[in-house]
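Q: I would like the atomic coordinates for the input below:
(one chain, ligands or ions: 1)
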Amino acid sequence: MSKRINIKKGDQVIVISGEEKNKKGKVISVDPASSRVIVEGINMVTKHKKPRSQADLGGIIHQEAPIASSKVMHVCDKCKQATRIGYKMLADGGKVRVCKKCGETFEN
Ligand SMILES: [Zn+2]
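A: A predicted model of the protein is given here:
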């Protein structure tokens, strides 16, 4: 059974383990199947691209590689702390994500 990821695209996160510990960035994409996320500016890798035509000369590309979602934590916009996310049930049956530290409700 795959673990639910409660990080979403557009969230600010902080890296909590590994070589890039304490770096912050914005989540670009989330892959629930592999429990991995791609975070802007985090886990950059260098790829050598082969030229495919005269117009496409190839070269060196820097891009983000996915990292395990367990290595990042959500950063709250309001209290600026790395936080766990809680859920709050709404009167209409929906639920929203909330910061477990300050109680701030997240938009998405
Ligand atoms: Zn907060």
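Q: Go ahead and confirm residue 83 touches residue 97.
A: No. At 10.4 Å, residue 83 does not count as touching residue 97 under the criterion of C-beta atoms under 8 Å. For the C-beta atoms, the positions are set from N, CA and C on the backbone; glycine is no exception.
Q: Check the gap between the nearest residue to residue 23 once chain neighbours are set aside and residue 94 for me.
A: Of all residues beyond its chain neighbours, the one nearest residue 23 is residue 15 (4.9 Å), with distances taken as C-beta to C-beta, 6 or more residues apart in numbering. Residue 15 sits 31 Å away from residue 94, taking C-beta to C-beta, to the nearest Å as the criterion.
Q: of those two, who's got more company?
A: residue 15 (20 against 8; other C-beta atoms under 10 Å).
Q: helix/strand/coil for residue 48?
A: Following DSSP: H, G, I helix; E, B strand; the rest coil, residue 48 is assigned to strand.
Q: For it, name its beta-bridge partners.
A: Per DSSP bridges, the residues bridged to residue 48 are residue 60.
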